[in-house]
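Engineer: Show me how the following folds:
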Amino acid sequence: MRRLLRPFRSKKQAVPGPSTSSPSAETSTTVPQGLQVVAEGINPIVDIVAVHGLNGHREKTWTASNGVNWLRDLLPQDLPNARIYTWGYGASTHSRSRVSCQYLYDHARTLVSELCLERQITETNRRPIIFIAHSLGGIIVKSALIHSDAARRGALEEHRSIKLSTFGVMFMGTPHQGGSGVALGKLIVNIASVFVAADDRLLKHLERDSEWLQQQIGQYGPISGNFVTKFAFEEYETPTLLGRSIMVVPRASAVVPGAADAEPIAIHADHIRMVQFGSKSDVGYKTVSGHLRVMTANAGSAISRRWDTEGRVDAVRSDRHIESFSVQFSLPEASHVEHFVGRDEELDTIYKELKNDGSRKIVVVHGLGGMGKTQLALAYAKRHRDEYSAVFWVNSKDVDTLKQGYAAAARRIFRAHPSLTYLKTSAEGDNLDEAIEGFKTWLSSSRNDRWLIIYDNYDTPKLPGCNDEGTFDIRPFFPEAHQGAILITTRSSQLRLGHLIAVKKLQNVEHSLEILSHASGRDGLGSDPDAHELARELDGLPLALATAGAYLYQVSTSFAEYHRLYKESWLRLQQKTPRLLSYEDRALYTTWGVSLDHVEQQSDVAADLLRLWAYFDNQDIWFELLKECQQDGPAWFWQLTENQLCFEEAVRVLCDHGLVEADATFKDVSSESRGYSMHSCVHSWTIHVVNDRWDDGLAKLALECMGLHVPNKNRPQYWLIEQRLVRHANRSREYINDRLLSQDDNVSMLDAINNLGDVYVNRGKLDEAEDMYRRALKGYKISLGPYHKLTLSTTNNLGILYWNQGKMDEAEEMYRQALEGCEKIRAPEYLEKLGTVNNLGVLYMDQGKLDEAEEMYRRALEADEKRLGPDHPSTLKTINNLGTLYRRQNKPEKAEEMYQRSIQGCEKALGPDHPSTLQTINNLAVLYTDHGKLDKAEELYRRAIEGKKKAHGFEHRSTLGSINNLGLLYYKQNKLVEAEEMLQQALKGWEKLLGHEHERCCNLRHALNTLRGSL
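Structural biologist: The predicted model follows:
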């Protein structure tokens, strides 16, 4: 989405601060107004908004005499996680030719409106706000908060979000009340006298309306306790135009005594310089920035609770969870063209077929790649946005990408409606399956029938008789309720899910010329015969026309010259790829070929990046992904990844030629930089034409970039990086083969493959993980031998994987190989590190071989206590396993002792909500259940389930196991209704995880049928 605001860029020269003796008048054309971003922040958690006073300036007010603007140059270093704005408004009092047409209250409403709009556009309308207000800017901020508090449903309801999100206000020399015998209106005139004689009409208005200002105090008082407030006051007098110096706003006026949650702050400066700090050593800056850091640290939880309370109040008022299903229109993940051309007939047909009558409507838009299907769908959504309560765009190129789109949709809904607690875990956690269920539940809500979902790029449908790898059925992702509107784009003309609309080439040459004109930035094409000739040559293919236009925008080449280059490129392409399937593909590839020639003239690095891209997925290439391999790549790759600026410069060249575009999918949730993507047709061209032959070196480089970037689980939100890596791992599986792995020095590739196997395991893709582990193991055995530590590590990983798949014999074989290998090379410490002995104990216990299991556990515990200590997580895990073994051996006292020891150690070392702590709590509950301590067991199960839902999500094996156990406990307690509810939840989750016919699911259905017979 194109931002409406631009960050302020400082110039190298110093910016003079405002003069106290001779301020220069600024006309309406030079006074900057509105919001300005001075710092975007890194993963910002708070918005800081600075508001100047009368005759102020949104930049100069905050700029010291040495040119340092502390909001821009100092504060972002101390508060990197803050987005910082300044706000300007027409507040000139010294111009006799102009008095602002908006007085203080009107300015306040404008501030609320503009800030609300900006936060809606950036989807941050629940982010905490801290205001910094200088002088009379504080009157505006108070009026803004009063206005926001008064907003209610049906009357600028969205304005209420500003007050709800405001955590704190720092007033800098604001006159809140009269003091020391001076009326409030006179104090305001004193402020203005710093700049001009006090006979201006606006000054008279302010003095005359001091009664209104007194009224404002009465209105602000009741809501002031909702904010943390800092009252900063000046300590030095300020020179005025009349030649004398005065204390403009004395402490008695700047500080409101007895205000709730408020604190006075002394600033050792006059009224003007109290908001101008030239360096970090400035005492005033240290004071102000310190308070801002403390407020920022405390704001998040407080504002989150406030929004939760607001949601509960709304739910009570409406007697339902939610009064409205509206979600602000925003499609940041999709790539929009600024100027959509033609297709009126198709748009009208979509509208007719999707017209809401309370039932579900589906339209399938199909056509060849590059015909503009995506842009047609987006144009429809934008044209009819007001007819839908919510619109979602979901990239459906494969299952993983679709799931990520559902997770993004769940986050959007939860931001708009935080009272929907069932979406909280979906929005904040890493479990994509839970996000899918949460999103589908919302879509199926009663009376929620005015939503629109665009399933874009569904090009691999599972059709009757087709079982190709990568194809999938999209219907299980649809919500259960038969309502809402669904718009699907696909290349398949065989998809029969709804009304079919074919998107063909543009028939009207005027539409082709319009695309060329807009993309090239050139006018008058209607009368240019060369432009007509080129448009006819490109044959109404929107993507080819846009690519040609992007090229012509970069150069001064004429249409006739481009046409000549196009024909030359066509001939080269025909010689290189004589079997290219279609005329349409050849036309697209030819335009990209012309663009590639120009890219190579501008940047060899950009052209090489394009070639490398063929070995990644077409979506989401980002700087940190490539940075990992800087030292191992060729010279051009080192230049590309030297820093993020070099990477962005190369990508910009590709973007300028229409080959690549920014990808916003993970913009708001990932700790790493945004990615870039290319159209799937462009990606096919990079594979088959740009890389005219296979390049093992580039394949190796791409694979190692992926593998080396696999995050450690200790990294915060590691799963977000894993989600980004999965699509590239899928691409790598298409080209990993024995020939590639037979290269010399292939160990780094094998490490990468093993690491990608870890990613698949963590994402629940066990079949794909097995494939990667097997490839890595085979390569390690050939290159390093069967007893190398890397070989043994992957062998152990395969054992764990087989155990998770229920393949106990295969798991035992792998564990035995790892155990024997470590013993052969006499590396017991490595065996302990792998956990193979403990893993064998788990396996033997599952097989009922309890004596062998106890031998393994005791061996593992002795080694862990000796090497790691009694409170190490690995030691505590083995203690837990011993507890479970003793339970199976009917030794309850020993079992309880082990469990309690493990729980106490885990709570101390890992925390009460850590998954290891929660699993041991579940195990102790099982023990209590076995021995009739049912009330104790119920309490522990509830704690375990609540914690596991937060840690893992609902559809996780561990969570489902505890839910299942609680259901069986209720059955023992004769709480049959509660038992049925728990077991039904467990069954639903297990069926999704294991499949409808799995033995566990069959047994659970049988148990449910027995239970229902007792109801």
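Engineer: Could you pull up the contacting residues of residue 39?
Structural biologist: 7, 71, 72, 75, 76, 82, 83, 84 (Cβ atoms under 8 Å, 6 or more residues apart in numbering). Using the backbone N, CA and C atoms, a C-beta is placed for each residue, glycine as well.
Engineer: try it again with 7 Å
Structural biologist: 72, 76, 83, 84 (Cβ atoms under 7 Å, 6 or more residues apart in numbering).
Engineer: Farthest-apart pair in those residues, please.
Structural biologist: 72 and 83 (12.4 Å; Cβ to Cβ).
Engineer: Among the contacts of residue 39, which one is most surrounded by other residues?
Structural biologist: residue 84 (26 neighbours; other Cβ atoms under 10 Å).
Engineer: That one bridge partners, please.
Structural biologist: Beta-bridge pairing of residue 84 under DSSP bridges involves residue 39, residue 48.
Engineer: and it, what pLDDT?
Structural biologist: Note for residue 84: predicted pLDDT of 96.
Engineer: where do the helices sit along the stretch 701-850 of the chain?
Structural biologist: 718-733, 738-741, 747-762, 766-783, 789-804, 808-824, 828-834, 836-846, 850-867 (DSSP state H, counting those that start in this stretch).
Engineer: repeat for the stretch 851-1000 of the chain
Structural biologist: 873-888, 892-909, 915-930, 934-952, 957-972, 976-994, 999-1012.
Engineer: Out of those, which gets nearest to residue 854?
Structural biologist: Nearest to residue 854, of the helices of the stretch 851-1000 of the chain and by Cβ to Cβ, is helix 873-888 at 5.7 Å.
Engineer: Relative to residue 847, how far out is residue 727?
Structural biologist: To residue 847, residue 727 is 38 Å away according to Cβ to Cβ, to the nearest Å.
Engineer: With neighbour numbers in mind, choose between those two.
Structural biologist: Neighbour count, other Cβ under 10 Å: between residue 727 and residue 847, residue 727 has more, with 18 against 14.
Engineer: thinking the more buried one is in contact with residue 617, fair?
Structural biologist: Yes - the pair residue 727 and residue 617 qualifies as a contact (Cβ atoms under 7 Å) at a distance of 4.2 Å.
Engineer: now the helix ranked longest in the chain, how far from the centre of its chain.
Structural biologist: Counting by DSSP state H, the longest helix found in the chain is helix 283-318. Remark: helix 283-318 is offset 21 Å from the chain centroid, using Cα atoms, centre = their mean, to the nearest Å.
Engineer: what does stretch 132-149 give?
Structural biologist: The mean C-alpha position of stretch 132-149 is separated from the chain mean by 32 Å, Cα atoms, centre = their mean.
Engineer: any idea of the mean pLDDT for it?
Structural biologist: On average, the pLDDT along stretch 132-149 is 90.
Engineer: can you check stretch 909-924 too?
Structural biologist: 88.
Engineer: Quick one: name whatever helix or strand follows the longest helix of the chain.
Structural biologist: Counting by DSSP states H and E, the element after helix 283-318 in chain order, helix or strand, is helix 344-354.
Engineer: partners of the helix or strand just after that following helix, with directions?
Structural biologist: Sequence order places strand 361-366 as the next helix or strand after helix 344-354, per DSSP H and E. Partners of strand 361-366 in the sheet, by DSSP bridges, are strand 485-490 (parallel), strand 499-502 (parallel).
Engineer: neighbouring contacts of strand 361-366?
Structural biologist: With Cβ under 7 Å, 6+ apart, strand 361-366 has contacts from 350, 353-354, 373, 376-377, 485-493, 495, 497-503.
Engineer: Now which of those residues would you call buried?
Structural biologist: Neighbour-count burial (16 or more other Cβ atoms under 10 Å) applied to the contacts of strand 361-366 gives 350, 353-354, 373, 376-377, 485-492, 495, 497-498, 500-501, 503.
Engineer: For this structure, which element, helix or strand, carries the lowest mean pLDDT?
Structural biologist: The helix or strand with the lowest mean pLDDT-type score in the chain, counting by mean pLDDT, DSSP states H and E, is helix 201-208 (a mean of 48).
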